[in-house]
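Novice: What follows is a predicted protein model with its sequence.
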Protein chains: 2
Amino acid sequence: MYFIDKSSQTPIYKQLYQELQKDILQNYKPNQKLPSIRKLATIYNISKNSVAKAYSQLEIEGFIQSKPKSGYFVSKIDYKEFKSTTKTERPKLEEYKYDFFPAHLENATFPYKIWKRVYNKVINENTNFGFYPNGQGEFELREQIALYLNKHRATKADAQNIVITHGFIDSLNLIAKLTKPKLKHFATELPGYHIAHKCFSEFGFYISFINVKSDGIDLQQLKNSQANIVYITPSHQYPLGVTMPISNRLQLIEHINKIDGLILEDDYDSEMRYNTQPIPSLQGLNKERVAYLGTFAKALSPAIRVGFILLPNWLLKVYKNHYDSHFCHVSIDTQKTLAAFIKEGHLEQHIRRLRNLNRKKHNLMLECLKCLNHYEILAKDGGLSIIITPSKPFDWQKLKRLCKDQKLKIYLMQERSGSKQEALRVGFGGLNLNDIPKAIEAIGRVWNECFI
Amino acid sequence: MYFIDKSSQTPIYKQLYQELQKDILQNYKPNQKLPSIRKLATIYNISKNSVAKAYSQLEIEGFIQSKPKSGYFVSKIDYKEFKSTTKTERPKLEEYKYDFFPAHLENATFPYKIWKRVYNKVINENTNFGFYPNGQGEFELREQIALYLNKHRATKADAQNIVITHGFIDSLNLIAKLTKPKLKHFATELPGYHIAHKCFSEFGFYISFINVKSDGIDLQQLKNSQANIVYITPSHQYPLGVTMPISNRLQLIEHINKIDGLILEDDYDSEMRYNTQPIPSLQGLNKERVAYLGTFAKALSPAIRVGFILLPNWLLKVYKNHYDSHFCHVSIDTQKTLAAFIKEGHLEQHIRRLRNLNRKKHNLMLECLKCLNHYEILAKDGGLSIIITPSKPFDWQKLKRLCKDQKLKIYLMQERSGSKQEALRVGFGGLNLNDIPKAIEAIGRVWNECFI
């Protein structure tokens, strides 16, 4: 006897389908005949249409088969379920009052309504979910990225030279693989983003650390190192925020050209500049000596996991020879949605809003920081954080301890950059504008207690 | 003078916003005052509300600033656009009449309506687009995968031990990194999936190739090789389709246990079995000696780029020590949608439909293949292809040439498996049921011409 609730929200055919499925799995034998549609309809006082629909669904899923003129029969079910008892407790995450992570965005700023609208418009039966996406990335997305970069970053980008990745590390890994046969000696900035050299050393590159001066990487030291692939953040140095002037850029390119090497230009947060004009990319000065790396993590969302590389032609050739059948790392729906999102102008508009909001946060934080004693500002005016360092002897361990007690999640400069000087990276991207005064006040109370 | 078209679909405020934006960028100077709301409303005979909305949008995006009691003023715009002339021609793709790729699914079978419904339900302001997703993968997705695997693959899975990846290669890369300090000698099946050993050899593992017999990998040869990490496809061997019986499974585990090694169980298409009960996973027999690898490429879509690893506890510990802050490779929206898709039962239902459809395709293809002369079947009854080989001397180069002429895209066994014997892998997954007779007839005409 099946239980059919005619007042339920669940359609009658679906209820019958579920009851029949259970019954078949538990009580029927292969080839056993099922009651006719008419009979079931009569017994349960439901329409023949509902029964036919339930049977049709069971047939599509392989539970039963119809035989012309003789009715419905149970199939030989060639799969089964296993008994399972596992239960996992959800791990408890530590809760913080304020998290100053320098690469968070405020969730509320993500344009999820527009994103969903675009998603719903572009994802349809023409989206090919049955094949692996193009290994290099969907052409329409590469095209939009090229147009965007040329307009806003003064690159010389062609969609043909772009490879879509799932983020910065994925981009680095690919470049390490592509360049390994030719370039063996990798140089990075000190202080600099700790991930870059880790990745290249995993691939067996020899690593040199080159000091950063007030005008960017030390060119003489770089030349002396004899490194032939150099990773830099020329527009907004990580973590110090300095900008490499044009004369240094030209010298760097000349040097790399002479030694037949490669520059990796990481343009990770160039959109987030608050009080100065943007600096055109290095790639635009010489597209055969620079591989340009970007992501959408700072300008849109770190959670959509999309990055890209703009390859010189000679590296594109290496890519095509070795990775032509490689699988793209980003899902087709994210790629299509992002392409349309850029094409319709939403990205440009979103970045303007986000920059304006972040400028306000930046300026407010700068103001609020005045409640701290004895500090210097190491970096400001860009990105998602302000970096400060104490101007008097300071107990960093005590700062860590007190912040932990106060449930303030803080981030120091040394561990992620190899810097000799220690500093506090005060991120504002993930904080609400209204929370900034309270958050800085909380940090300030702790900070002022840590002088020795 | 701004152009406002009152009969347009575009809202009036948006038209005004666009006109004002252009005007500001081209003609205004910083701090220059804009006309009052009332004035613009009067000039263009539009509502003050529309003007206020346009101004508010311009203010949010940082073009203008309002000063209390004195009006709206142009901001110092600290970004600019660069001139761009790039234009890329879309590369032409080769068109095929029939593509027999053994890992395609028919696009029409993807449940995109349900997928979109689930997407629209779960993606909302609570989806955190502002932070990096959990490095190991969203807990709710890992939970659903664990439940699913335990029920359908008889694994002993716990959500804590699952890492979400963007697919099979990503999973392999991670395992290579995790195991490298301890295990140095990698064994793979011959013939076997060509990707696995390529990946491990990139990380410097020593590689042994172990022959596959009718009951799976040759255990004696494996023991003699002294390899301590072995990659196998025990449920449905790639490409030969053989299944490893339980006695061999137990022997393999005993051996690996003795040498303190690891088995990589690739369960790539276990859901697609057409005439036999599923074989429980190896992982369920010993969860500390087996790392289980799976993806959603065969059961749902190769285009959503989601895979996973089920790690033994000792490898999970290595992962947590070294990769705790690693970034997840899959976007938050794909993860959330997939989790809900599984939780609501759509995956189970979809797999039943897909298996039933693929069984029909498989059986029909088997029938149609009878139009070929002199062939033997090497593998059938599972996956997305049937593998055939000629039983008389055969000119493979001629087959390739003729297929190319006829616009038939074919895939041979040797290049992707290292097999000594050559064979044709006739994929049915990507073909429409109605097209199979014509597609096989086309292959048959060519095949029958290639005997020497």
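Specialist: In hand now; what should we look at? Residues are numbered from 1 along each chain as shown, chains lettered A, B, ... in the order given.

Novice: contacts and neighbour counts: CA atoms only from here.
Specialist: Fine.

Novice: wouldn't A:Ser391 be in contact with A:Leu378 here?
Specialist: No. Using Cα atoms under 8 Å, A:Ser391 is not in contact with A:Leu378, being 11.1 Å away.

Novice: With neighbour numbers in mind, choose between those two.
Specialist: Taking neighbours as other Cα atoms under 10 Å in any protein chain shown, A:Ser391 and A:Leu378 compare with A:Leu378 leading, 16 against 12.

Novice: so who does the most centrally placed residue in chain A touch?
Specialist: Taking Cα atoms, centre = their mean as the criterion, A:Arg305 is the residue nearest the geometric centre of chain A, at 2.6 Å. Applying Cα atoms under 8 Å, 6 or more residues apart in numbering or on different chains to A:Arg305 gives the contacts A:His166, A:Gly167, A:Phe296, A:Ala297, A:Val330, B:His329, B:Val330, B:Ser331.

Novice: just curious, which of those residues is nearest to B:Phe101?
Specialist: Using Cα to Cα, A:Val330 is the member of the contacts of A:Arg305 that lies nearest B:Phe101, at 20.9 Å.

Novice: Which pLDDT does the model give A:Thr86?
Specialist: Predicted confidence (pLDDT) for A:Thr86: 67.

Novice: Ok, A:Pro437 next?
Specialist: 97.

Novice: which SSE is it in?
Specialist: For A:Pro437, the host element (DSSP states H and E) is helix A:436-447.

Novice: Pull out the buried positions in that helix.
Specialist: A:Ile436, A:Pro437, A:Ala439, A:Ile440, A:Glu441, A:Ala442, A:Ile443, A:Gly444, A:Val446, A:Trp447 (16 or more other Cα atoms under 10 Å in any protein chain shown).

Novice: Make sure the residue nearest to the centre of chain A is indeed in a strand.
Specialist: No. Assigned with DSSP: H, G, I helix; E, B strand; the rest coil, A:Arg305 falls outside any strand and is coil.

Novice: can you tell me how far it sits from B:Gly429?
Specialist: Between A:Arg305 and B:Gly429 the computed distance is 29 Å (Cα to Cα, to the nearest Å).

Novice: can you check A:Arg445 too?
Specialist: Counting by Cα to Cα, the gap from A:Arg445 to B:Gly429 is 64 Å.

Novice: Could you report the separation of A:Ile43 from B:Asp333?
Specialist: 45 Å.

Novice: do A:Phe296 as well
Specialist: As judged by Cα to Cα, A:Phe296 and B:Asp333 stand 15 Å apart.

Novice: hmm, the longest helix seen in chain A touching chain B?
Specialist: Counting by DSSP state H, the longest helix found in chain A is helix A:346-368. Yes. Contact between helix A:346-368 and chain B, assessed by Cα under 8 Å from any Cα of the partner chain, occurs at A:Gln349, A:His350, A:Arg352, A:Arg353, A:Leu354, A:Arg355, A:Asn356, A:Leu357.

Novice: Give me the contacts around that helix.
Specialist: Helix A:346-368 has contacts (Cα under 8 Å, 6+ apart) with A:109, A:111, A:114, A:271-274, A:299-300, A:341-342, A:381, A:384-386, A:428-429, A:433, A:436-437, A:440-441, B:60-62.

Novice: How about that helix, which residues are buried there?
Specialist: By 16+ other Cα under 10 Å, the buried positions in helix A:346-368 come out as A:346-359, A:361-365, A:368.

Novice: For A:Gly382, which non-adjacent residue is spatially closest?
Specialist: Excluding the flanking residues, the one nearest A:Gly382 by Cα to Cα, 6 or more residues apart in numbering or on different chains is A:Arg273, at 4.3 Å.

Novice: what sits against the one you found?
Specialist: So A:Arg273 contacts A:Arg355, A:Arg359, A:Asp381, A:Gly382, A:Gly383, B:Asp78 (Cα under 8 Å, 6+ apart).
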